[in-house]
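Q: Quick one: sequence plus predicted model below, questions after.
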Amino acid sequence: VARGRLQRPSGGELLVRVGHHEPPRVELRGRLPQVPVVRRIRAEARDVHAEHRALFEAAIAGDEGWTILSPGLDTEFVGYETLEADMPILRYREEGDTVLIVASRTPFYAESGGQVGDTGLIKVQGVTLRVSDTVKLFDMVLHKCALIDGLLTKESLQKAVGTVDMEARAAAVRNHSATHLLHAALRQVLGDHVQQQGSRVAPEGLRFDFTHFQSVTPEELRKIELIVNRKIQENLSVSHSVHGIDEAKNMGAMALFGEKYGDRVRVIRMGASDETFSLELCGGTHANATGQIGFFKITSESSIAAGVRRVEAVTGEGALSLVNKRFDLLSEIGSSLKAKPGDEPQKVAELAQRLRAAEKELQELRQQQAMQQAQVLTREKSKAAGGVRYLISKLDASDKDTQQAYIDALSSQLQDGVGIFTAVADGSLSIYAVAGKSVHGKVKAGDLIKELAPIADAKGGGRPDRAQAGSKAVDKEALVLSEAERILTRILGG
């Protein structure tokens with residue numbers, strides 16, 4: 001993986017990570033750019049990606065390092081029709097623990113158009129290779145494999161047979177066809193300004209990026225989800241045809257912004273020709289009918305840049321598994337609350353109300369206790385210097401809320417005096433200073449903190465009447481208290 005940086009007009013930078021085969025990943029640091037800038041960023045990121053890939057491809061595309069079984073580099077994809085096929089091996093090479101295989105024919109779909117590459121097995125004459133990914137390089141398809149059994153030799157790799165992982169492909173097919181339905185539903189609900197800005201289709205789920213200038217409301221998401229599921233229930237036919245690029249666009253086929261297409265393109269139609277719901281340029285693998293998708297469930301909607309939104313979803317068994325988990329969770333909550341099905345929200349609301357009441361009561365008790373102890377402290381431990389009453393003390397407060405209650409109470413007790421206090425909670429030392437308005441001519445809380453903070457490497461500040469600082473140096477608490485006595489007597493002239 002390589003890294004690069006691109007500057008953008010609004011300031012800040014982009015961190016671009018690119019791998020040999022993966023599309024570039026762009027992290028936007030700073031203010032989110034507007035859509036035209038996002039598009040330029042993507043173009044620049046593709047340039048960085050292309051430059052990096054060129055170095056890798058130059059090495060891989062040559063003959064050096066390869067064991068060549070047969071001349072040629074082109075690979076015919078037959079995976080639209082079958083998940084198992086003979087794979088005449090053209091060449092192979094070992095890169096560490098990875099074996100790269102190139103065949104003249106393959107049933108494995110190579111990562112493209114947002115759909116991840118197929119996985120599965122390649123078997124031949126006692127050799128078994130597990131395919132972990134399939135990627136494109138020019139017209140060549142690279143099968144990234146791990147040797148499971150056997151010994152790699154020219155002789156052992158004759159008459160190979162490739163078998164695609166059926167479950168993984170079927171899941172990817174469901175998710176890919178669902179992205180087309182999702183795209184059409186988004187445009188139907190949100191408007192024709194919606195344009196695809198990228199996607200990822202994998203067995204475990206899908207994500208779809210699109211242009212839209214505000215968050216999609218829960219009501220809109222429900223409408224979109226309902227439309228997609230209705231089209232699944234209608235079991236629309238899914239057909240493909242190959243056309244010239246201009247002819248396909250004239251047909252109204254949607255194209256991905258920024259994607260490069262050849263002279264001949266594959267068009268995926270969902271629905272009959274006279275009642276088409278979706279028509280897109282796509283080389284990916286798809287269901288034969290939308291009913292095969294089974295069930296569609298949106299899992300999240302978010303912003304990834306200014307004017308660009310992202311929807312993530314699952315289908316089929318993945319969607320069913322998600323719903324079952326949510327039902328199990330709801331059932332567990334209902335059981336804990338002793339609530340009947342459907343009564344959970346009311347029980348949760350009642351519990352939240354009781355919790356707020358308990359917290360309020362606890363706060364009131366904390367304040368009463370703090371006031372009582374503040375009265376005791378000021379009565380028994382306060383001193384005087386230069387005609388001003390002052391109090392220096394360590395507070396027994398194990399949390400920040402209790403500390404604040406103490407400081408509030410002590411401030412009210414020292415309206416004509418000054419106080420310095422310390423407390424330790426959660427591994428942090430807090431230093432507090434309070435000063436009544438009548439003594440601001442001699443001493444201010446903020447000035448006291450400025451002197452005390454460096455003793456414990458603390459940071460803080462505040463107003464003339466109240467200030468504080470925090471530090472991780474809890475071992476400096478005693479030193480802070482002793483120095484506080486010296487500083488106050490010096491300032492007050494005691």
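A: Arrived safely, thanks for sending.

Q: Low-confidence ranges, the stretch 201-350 of the chain, go.
A: Applying pLDDT under 70 to the stretch 201-350 of the chain flags the ranges 257-258.

Q: So Glu155 lies in a strand, does it not?
A: No: counting by DSSP: H, G, I helix; E, B strand; the rest coil, Glu155 is not part of a strand but coil.

Q: ok, now which ones touch it?
A: When contacts are counted by C-beta atoms under 8 Å, 6 or more residues apart in numbering, Glu155 is found next to Gln125. The C-beta positions use only the backbone N, C-alpha and C, and glycine is treated the same way.

Q: Could you do the one 5 residues further on as well?
A: For Ala160, the set of contacting residues under the criterion of C-beta under 8 Å, 6+ apart consists of 86-89, 103, 122-124.

Q: Among those residues, list the two that are farthest apart in space.
A: Farthest pair in the contacts of Ala160 (C-beta to C-beta) is Pro88 and Lys123. Separation: 14.1 Å.

Q: in the stretch 101-250 of the chain, which spans are strands?
A: For the stretch 101-250 of the chain, strands defined by DSSP state E, counting those that start in this stretch occupy the ranges 105-106, 120-124, 127-137, 140-149, 160-164, 196-202, 205-211, 238-244.

Q: Lys297: which of those strands is closest?
A: The nearest among those, by C-beta to C-beta, is strand 205-211 at 9.7 Å.

Q: tell me what the closest one is packed against?
A: helix 166-190, strand 196-202, strand 308-315 (3 or more C-beta pairs under 8 Å, 6 or more residues apart in numbering; DSSP states H and E).

Q: Apart from its chain neighbours, what residue comes closest to Leu448?
A: Leaving out its chain neighbours, the residue that sits closest to Leu448 by C-beta to C-beta, 6 or more residues apart in numbering is Ala433, at 4.1 Å.

Q: where do the strands sit along the stretch 351-494 of the chain?
A: 383-385, 388-394, 417-425, 428-435, 459-462, 466-471.

Q: Thr489: which of the strands of the stretch 101-250 of the chain is closest?
A: strand 205-211 (66.4 Å).

Q: how many neighbours does the residue nearest to Leu448 have?
A: 30 (other C-beta atoms under 10 Å).

Q: mind listing what's buried in stretch 96-112?
A: The neighbour-count check on stretch 96-112 (16 or more other C-beta atoms under 10 Å) flags 99-111 as buried.

Q: what distance separates the start and the end of it?
A: End-to-end span of stretch 96-112 (C-alpha to C-alpha, to the nearest Å): 25 Å.

Q: quick one: average confidence on it?
A: For stretch 96-112, mean pLDDT rounds to 94.

Q: distance between it and the chain's centre?
A: 30 Å (C-alpha atoms, centre = their mean, to the nearest Å).

Q: cool, and stretch 456-464?
A: With C-alpha atoms, centre = their mean, you get 37 Å for stretch 456-464.

Q: quick one: the helices in this protein?
A: Under the criterion DSSP state H, helices of the chain are mapped to 35-61, 166-190, 218-233, 245-250, 316-337, 344-381, 400-413, 445-452, 477-492.

Q: Just the buried residues of the shortest one, please?
A: By that I understand helix 245-250. Buried-residue list, helix 245-250, by 16+ other C-beta under 10 Å: 248-249.

Q: Likewise for the third one?
A: Across helix 218-233, burial judged by 16+ other C-beta under 10 Å covers 221, 223-225, 227-229, 231-232.

Q: got it, and the longest one?
A: Of the residues in helix 344-381, those buried under the neighbour-count criterion (16+ other C-beta under 10 Å) are 344, 347, 366-367, 370-371, 373-374, 377-378.

Q: Now distance to Gly198 too, for the residues you listed, in CSV please.
A: CSV is the format used below for the buried residues of helix 344-381 (distance: C-beta to C-beta, whole Å):
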residue, distance to Gly198
Glu344, 38
Lys347, 42
Arg366, 52
Gln367, 54
Ala370, 56
Met371, 60
Gln373, 61
Ala374, 60
Leu377, 63
Thr378, 65
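
Q: Let me know the closest of the residues you listed to Arg93.
A: Using C-beta to C-beta, the buried residues of helix 344-381 come closest to Arg93 at Glu344, 58.4 Å.

Q: The closest one touches Leu330, doesn't it?
A: Yes: counting by C-beta atoms under 8 Å, Leu330 is a contact partner of Glu344 at 6.3 Å.
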